[in-house]
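# Using only what follows, build the 3D model:
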Amino acid sequence: MRREVGRIADWAYGVEDTLWKLRLQAAMMKGYRKFAVSRVGFGVGDLWKFIDTSGLRVRKIGAKTYENDGGYYKDSLNPTSWVGVDSSFYHVVLHYEEGRSPDTLFYLGVLNSRTSPHVPADSVRDPRTRQPYRLGDWDTGVVRFYSTYEFDTLVAGGYVDRYAQLGAREITIPFHVRPTKDYACRLHVRELGGGVDTVIGGSQPLAVKFLPGEGKLFRVQVLYDSPPLGELAHSNQRKLVGVPVDAKGQVMVYHLVYHRRVLDTACGCERRKVFYRRSYPVWVGGGMTANIAWEAERVLSDRLVVAPDSLQYSHFGDSTGFWHLSRCADCGYPSLVVRPIGDQQYVYVVFGCRMPDATSNLDVVVIAETVFPATGQQEVLAAVVLDGYRVQPSSDSTLGHWGTPVVNASWEGNYYSWPNRVENHLLVGFKPPGNRYLRVVSWARANQAGVPLHPSLNTYSRLGQRERDCALVWEQDGQIFYTRLRADTGSGQFLDNLSLYNLASPLCISQGVDCADSNRFPVVYRGVEEFDSARVELMRHAQDRIAWEGIWRWSDDTNRRRRIFYRMLNLIDEFPGGDTLQPKQPSSYELYPLSTFVSMVNNLLQPNLAQGRAWPDRSQRERRVEESQ
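Coordinates of the predicted model:
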């Protein structure tokens, strides 16, 4: 007893200056019921500003399931309703430090209310033989009790794990700080008295192990990040993708690309560069607005390479010395997708560049791609050139028109599209995920009037349904065109001359809509639902949704403000012989009437459509949504 009292006193003595400054603000207790109280009365008070108060996540050490998810039982008072079983036990308290703003510093205390000190007998093992440690043949008990001193001695000798007691728990604290500033933050979490010392995102859960009945007091310093600075044009490109990093989709990591002008002293000029940032893990389980904090940005456009065996080599002839072109390249307008290769997720970023050609008086315009892991240490390799051509320096080859590539992730690989100034075509390409260079390339053009610009692909096809195609939309001569892409990896060509698979004669989405003109910046969304019921019917159907900006032709407003147009397209396909392993063939489609969104005051420009994956979570009796973009 004296030993334990002394240990507690030593801890308090070491942090007593801090303890005297703390002022209790709120407390939340969870036992058989949840109870909260604060300085202003019953309720969580200010606690909601710092954590997701729907509850901490608690589980036994090493367990896969949480005690918060104990299933459901029927309410005895209302047999038609279900009540969730939550067997977690904990206390959490919030303190402010006197004289310090909670916007920069607060304290969070967490107590494990489970107190069982017993140890399973089989978990105590001889460190030399790893056999169960027994005091004799008579020692046949299932569990054992040790005093704290005895237990600490066994832990130090390697006989038992520190958290082997039945009352030990792992408690996940769902931090969700709502800063008063306009940009996100990170949290420096430090346990008073030693232990936890880490930096996490402002909306990132933190899992901490607790002994039975153990409490920990955390000093949490709020670190405000400088927000990402850059341009996100254009809306036909995907700039942000969110990827779940846990089984329930409650923790997300976001991937962001953008470009920004920088003063390059080595080149003696100002030029655009393409940047990438990855977020810290973000807790989104509470359905609240995420506080996204970002890792340091990485430059993607400083190195470009052309492989002699690629289709693009012929554009440049002798590519010796090509490396120097990227040193002062003007690069921008990136687009990205994150997709798996085996068990590893990878980031694919495509962008455009323009640079002077040192071997001639011409400029070189290229479309490039860089690929790197989405997790762990990210080594950014040189970007590979997907397309390139030479133009006159005075020609109208601005990156805003010609350097805007897009990428899609489908079952067999990635689809690409970008406009080409020399050919005045919209190029489309395909390659398997593991390849760095294109092997299937074709072109799309609706007619001879106008130049195709600003293509858009649905960012994700339904990978879980082995979907091999994607949707493509673009603007040309003031109209919006639509077609589908599917590459035949055997022949090395795109499927063509079928219903809605026609690169030269696509469907004009805006034609017949005589009330709209000057249409531009289309974007397409495809439903990515993957329910396990009616699987074949789901695989046969797809829902493409197209939005763009335009002008209402018959408007009485002299300003003729731009507005958003929206149209739905449902696809019905068939599987040859009913075999879902075979590529599906187009059967019919349904094109719905036009919808429009207008502001009475402002122009509405460059629409965007979010894409996600939904599935029924039966354990929670609700439908959850996993954000994919």
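
# Just the C-alpha atoms of the helix or strand harbouring Pro455, please, in PDB.
Under the criterion of DSSP states H and E, Pro455 resides in strand 453-457. C-alpha atoms of strand 453-457 as PDB (Å, rounded to 0.1, in the frame of the first residue of the first chain):
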ATOM      1  CA  LEU A 453     -11.600  20.600 -74.800                       C
ATOM      2  CA  HIS A 454     -11.900  19.900 -71.100                       C
ATOM      3  CA  PRO A 455     -12.600  16.100 -71.000                       C
ATOM      4  CA  SER A 456     -13.900  14.500 -67.800                       C
ATOM      5  CA  LEU A 457     -14.000  10.800 -66.800                       C
END
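
# So in that sheet, which strands flank it, and in what orientation?
Here strand 453-457 has these sheet partners by DSSP bridges: strand 470-476 (antiparallel).

# How about residues contacting the strand holding Pro455?
Residues outside strand 453-457 that contact it (CB atoms under 8 Å, 6 or more residues apart in numbering) are 234, 236-237, 401, 404, 406-408, 415, 417-419, 426, 470-476, 485, 520-524. Yep, even glycine has a C-beta here, placed from its N, CA and C like the rest.

# do that again at 7 Å, thanks
Strand 453-457 is contacted from outside by 234, 236, 401, 404, 406-408, 415, 417-419, 426, 470-475, 520-524, using CB atoms under 7 Å, 6 or more residues apart in numbering.

# now do stretch 101-108
22, 50, 92, 94-97, 179-180, 217-222.

# Mind doing that once more with 8 Å?
22, 46, 49-51, 92-97, 173, 179-181, 217-222.

# what distance separates the start and the end of stretch 454-473?
Start and end residues of stretch 454-473 are separated by 8 Å (CA to CA, to the nearest Å).

# Stretch 261-272 now?
Terminal-residue distance, stretch 261-272 (CA to CA): 4 Å.

# go on, stretch 423-437?
Stretch 423-437 end-to-end distance (CA to CA) = 21 Å.

# and that stretch, how far from the chain's centre?
With CA atoms, centre = their mean, to the nearest Å as the basis, stretch 423-437 stands 24 Å off its chain's centre.

# quick one: average confidence on that stretch?
Stretch 423-437 shows a mean pLDDT of 87.

# likewise stretch 536-543?
81.

# Please state the offset of that stretch from the chain centre?
Centre to centre, stretch against its chain (CA atoms, centre = their mean), the figure for stretch 536-543 is 25 Å.

# Show me what the longest helix seen in the chain is packed against.
In terms of residue count, the longest helix belonging to the chain (DSSP state H) is helix 2-14. In terms of contacts (3 or more CB pairs under 8 Å, 6 or more residues apart in numbering; DSSP states H and E), helix 2-14 is packed against helix 148-156.

# what does the helix it packs on contact?
Residues contacting helix 148-156 (CB under 8 Å, 6+ apart): 3-4, 117, 119, 124, 146, 160-162, 165.

# which outside residues touch whichever helix or strand comes after that helix?
Counting by DSSP H and E, the next helix or strand C-terminal to helix 148-156 is strand 169-174. Strand 169-174 is contacted from outside by 51-52, 54-61, 90, 92, 108, 110, 112, 114, 205-210, 283, 285-286, using CB under 8 Å, 6+ apart.

# The helix or strand harbouring Gly242: partners in the sheet, and parallel or antiparallel?
Assigned by DSSP H and E, Gly242 belongs to strand 240-244. Take DSSP bridges as the rule and strand 240-244 pairs in its sheet with strand 251-264 (antiparallel).

# Next, the angle from the partner strand to strand 169-174.
On the basis of axes from the mean of the first three to the mean of the last three CA atoms, to 10 degrees, strand 251-264 is oriented at 50 degrees to strand 169-174.

# what about strand 251-264, distance to the chain center?
13 Å.

# So which bits of the helix or strand following that strand are buried?
Sequence-wise, the next helix or strand downstream of strand 251-264 (DSSP H and E) is strand 269-278. For strand 269-278, a neighbour-count test (16 or more other CB atoms under 10 Å) marks 271-278 as buried.

# partner strands of strand 269-278, parallel or antiparallel?
Strand 269-278 is paired, per DSSP bridges, with strand 251-264 (antiparallel), strand 298-299 (antiparallel).

# contacts for it?
Against strand 269-278 from outside (CB under 8 Å, 6+ apart): 228, 230, 253-264, 294-302, 328-332, 334, 336, 347, 349, 351, 374, 378, 380, 399.

# That strand: what's the following helix or strand?
Following strand 269-278 toward the C-terminus (DSSP H and E): strand 282-283.

# List the strands paired with that next one, with their directions.
strand 251-264 (antiparallel).

# Could you check the partner strand and say which residues are buried?
Quick answer for strand 251-264 (16+ other CB under 10 Å): 251-259, 264.

# Would you format those as JSON lines with pLDDT included?
JSON lines is the format used below for the buried residues of strand 251-264 (pLDDT from 0 to 100):
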{"residue": "Val251", "pLDDT": "84"}
{"residue": "Met252", "pLDDT": "88"}
{"residue": "Val253", "pLDDT": "92"}
{"residue": "Tyr254", "pLDDT": "93"}
{"residue": "His255", "pLDDT": "96"}
{"residue": "Leu256", "pLDDT": "96"}
{"residue": "Val257", "pLDDT": "97"}
{"residue": "Tyr258", "pLDDT": "97"}
{"residue": "His259", "pLDDT": "96"}
{"residue": "Asp264", "pLDDT": "84"}
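
# nearest to Asp10, of those?
For those, the residue nearest Asp10 by CB to CB is Val251; the value is 36.6 Å.

# For the closest one, which residues are in contact?
Residues near Val251 by CB under 8 Å, 6+ apart: 204-205, 244-245, 281-285.

# Now do the helix or strand containing Tyr525, average pLDDT.
Under the criterion of DSSP H and E, Tyr525 resides in strand 516-526. Taken as a whole, strand 516-526 carries a mean pLDDT of 86.

# For the helix or strand following it, enumerate the helices and strands it packs against.
Following strand 516-526 in sequence order, the next helix or strand is helix 535-540 (DSSP H and E). Applying 3+ CB pairs under 8 Å, 6+ apart, we find helix 535-540 packed against strand 562-574.

# other SSEs contacting the strand it packs on?
Counting contacts by 3+ CB pairs under 8 Å, 6+ apart, strand 562-574 packs against strand 516-526, helix 535-540, strand 541-552, strand 585-591, strand 595-597.

# Just put those in TSV and tack on mean neighbour count and distance to Leu604.
Compiled in TSV, the helices and strands packed on strand 562-574 are given as follows (neighbours: other CB atoms under 10 Å; distance: least, CB to CB, whole Å):
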stretch	mean neighbour count	distance to Leu604
strand 516-526	22	11
helix 535-540	14	33
strand 541-552	21	7
strand 585-591	13	23
strand 595-597	13	6
